[in-house]
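> Take this sequence and fold it.
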Amino acid sequence: MSYSAAIALRFSTQAIDLGGSIDFVDGADTILHIKPRPDRHLVVLNSYIFGNWGEELHIPLPAEAFSKPLSLVVSGTEEGVSVTVGDREPVEYQADPMRLLRADLRLSPFIEVLPTEDVPRSLTLAGQILAADLAHVRARLRFLDACQLAPSYLRDARLLLYIDGRLVRTHSLLPLPGQVTSQVAEVRFEFGPDVFVGEKMEAQLVLEFLGGEHCLDRRSIENHVIGAIEHCSEVMVSGFAANPILPGCPVMLDVFVGGRFEGTACADKERSDLTLVDPAFKACGFHFRFRNQLLLVPGTDLAVAVRPRDTGIELLNSPWQLSRSVPRDEVLAQMRLYATPLMQSMTQPECKSMHT
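Now for the predicted structure:
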């Protein structure tokens with residue numbers, strides 16, 4: 001079975017001035033390294049295999065070629081690898097074409113992948129959900145074909161995020177989200193009040209391309225919130241709550257009084273003392289004032305609970321008991337315990353001293 005692949009790239013003038021390079025990396029080896037050398041009026045091709053650089057192959061160019069963007073095409077076939085710089089003749093390079101095809105593409109800043117003439121029919125993209133909680137979903141994308149980093153592929157693609165079958169967020173792949181390193185990118189979907197998400201719901205990452213949808217990964221929503229109630233009275237409840245995985249995103253909390261929903265608090269207040277734990281936790285305090293002052297009725301239970309939004313998990317010290325009813329039998333037992341010695345002391349005959 002025959003095969004061929006080609007990728008077009010362009011060095012901007014900034015990339016040339018900064019000494020940028022293109023590397024096709026497979027494991028610890030660099031199958032092909034391409035670097036313009038304007039000081040020597042040439043483009044250098046080389047490989048780094050088994051810990052050693054190979055013999056350089058030079059493509060000479062006129063000096064004025066480096067004063068403008070420099071385009072090139074890297075092609076791989078069954079016969080070998082070739083590099084075409086600008087409108088010059090292709091230069092054959094001794095490299096394993098199979099390793100080149102599966103290699104990661106690593107680009108210095110200001111180097112771009114150019115669209116090819118071929119019309120894309122598929123997008124070979126792998127995706128993995130790294131974290132999914134009440135505040136966000138974070139995923140990693142890996143492009144299995146470096147040629148498909150071109151805008152001609154990505155302009156018709158986007159990511160869809162479903163929560164329990166409901167579409168809650170979308171993200172375009174053009175421009176690529178996150179920091180791209182060797183054909184890898186990361187994307188983050190954050191949730192606001194408009195998204196209903198609860199623990200144990202399922203997050204589904206889907207690729208939409210040319211009208212079709214393909215599921216990349218699924219993961220259950222988890223709770224990573226840490227926090228505690230630190231003070232509670234008839235007027236207010238306060239404490240802190242933070243998400244260690246996403247500390248910059250305030251945690252939304254549900255407040256319950258006597259088992260009934262009272263309101264929602266946002267843990268975004270300044271807490272300079274918590275910066276000793278982690279500087280990212282400088283704004284994770286909450287202070288919730290009840291709509292009406294709580295009435296503490298003697299002999300009745302009343303507790304305040306604080307939970308991360310839409311979960312059954314409570315913060316440390318929750319529920320906070322403001323008042324507690326005492327069973328009648330326990331009250332009578334306590335009365336007998338203290339009353340019996342008192343009654344006995346009251347019924348003993350009074351001792352009188354006698355003087356002679």
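> Tell me where the stretch 101-250 of the chain has strands.
Ranges of strands in the stretch 101-250 of the chain, per DSSP state E, counting those that start in this stretch, are 104-107, 111-114, 125-132, 136-143, 157-163, 166-172, 184-190, 202-209, 212-220, 226-232, 236-242.
> contact partners of the longest one?
Applying C-beta atoms under 8 Å, 6 or more residues apart in numbering, the set of residues contacting strand 212-220 from outside is 125-129, 132, 137, 139, 160, 200-207. All C-beta spots, glycine's among them, are computed from the backbone N, C-alpha and C.
> Can you select the buried ones from the residues you listed in ChimeraX?
Listed next is the ChimeraX selection for buried residues among the contacts of strand 212-220, using 16 or more other C-beta atoms under 10 Å:
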select :125,127,129,132,137,139,160,201,203,204,205,206,207
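> picking that back up, any idea which of the strands of the stretch 101-250 of the chain is most buried?
Comparing these by mean neighbour count (mean count of other C-beta atoms under 10 Å), strand 236-242 comes out on top with a mean of 23.
> And Arg271, how close does it get to Trp320?
Distance from Arg271 to Trp320, counting by C-beta to C-beta, to the nearest Å: 19 Å.
> An error on my part: the question was meant for Arg138.
Noted for Arg138: a distance of 33 Å to Trp320, by C-beta to C-beta.
> and if you look at Val235?
13 Å.
> Those two: who's more crowded?
Trp320 (19 against 10; other C-beta atoms under 10 Å).
> do you know how far the more buried one is from His231?
9 Å.
> what's the overlap in contacts for the two?
With C-beta under 8 Å, 6+ apart as the test, Trp320 and His231 both reach Val237.
> For Pro279, what are phi and psi?
Here is the backbone geometry of Pro279 (degrees, to the nearest 10): phi -60, psi -30.
> Wait, Thr264 touches Val251, no?
No. Between Thr264 and Val251 there is no contact under C-beta atoms under 8 Å: 10.9 Å.
> the more surrounded of these two?
Higher neighbour count among Thr264 and Val251: Val251, with 26 against 12, using other C-beta under 10 Å.
> what pLDDT does the more buried one get?
According to the prediction, Val251 has pLDDT 88.
> and the gap between it and Lys200?
Distance of Val251 to Lys200, computed by C-beta to C-beta: 18 Å.
> cool, and Met98?
44 Å.
> anything in contact with each of Thr264 and Val251?
Common neighbours of Thr264 and Val251 (C-beta under 8 Å, 6+ apart) are Arg309.
> Dump the strands of the stretch 101-250 of the chain to TSV, plus distance to Thr275 and mean pLDDT.
Below are the strands of the stretch 101-250 of the chain laid out as TSV (distance: least, C-beta to C-beta, whole Å; pLDDT from 0 to 100):
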stretch	distance to Thr275	mean pLDDT
strand 104-107	37	84
strand 111-114	40	82
strand 125-132	23	87
strand 136-143	22	88
strand 157-163	32	91
strand 166-172	31	91
strand 184-190	23	88
strand 202-209	31	89
strand 212-220	31	86
strand 226-232	15	94
strand 236-242	11	95
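> can you redo the ones you listed as JSON lines with distance to Glu92?
Putting the strands of the stretch 101-250 of the chain into JSON lines (distance: least, C-beta to C-beta, whole Å) gives the following:
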{"stretch": "strand 104-107", "distance to Glu92": "20"}
{"stretch": "strand 111-114", "distance to Glu92": "22"}
{"stretch": "strand 125-132", "distance to Glu92": "31"}
{"stretch": "strand 136-143", "distance to Glu92": "27"}
{"stretch": "strand 157-163", "distance to Glu92": "34"}
{"stretch": "strand 166-172", "distance to Glu92": "39"}
{"stretch": "strand 184-190", "distance to Glu92": "30"}
{"stretch": "strand 202-209", "distance to Glu92": "35"}
{"stretch": "strand 212-220", "distance to Glu92": "37"}
{"stretch": "strand 226-232", "distance to Glu92": "59"}
{"stretch": "strand 236-242", "distance to Glu92": "58"}
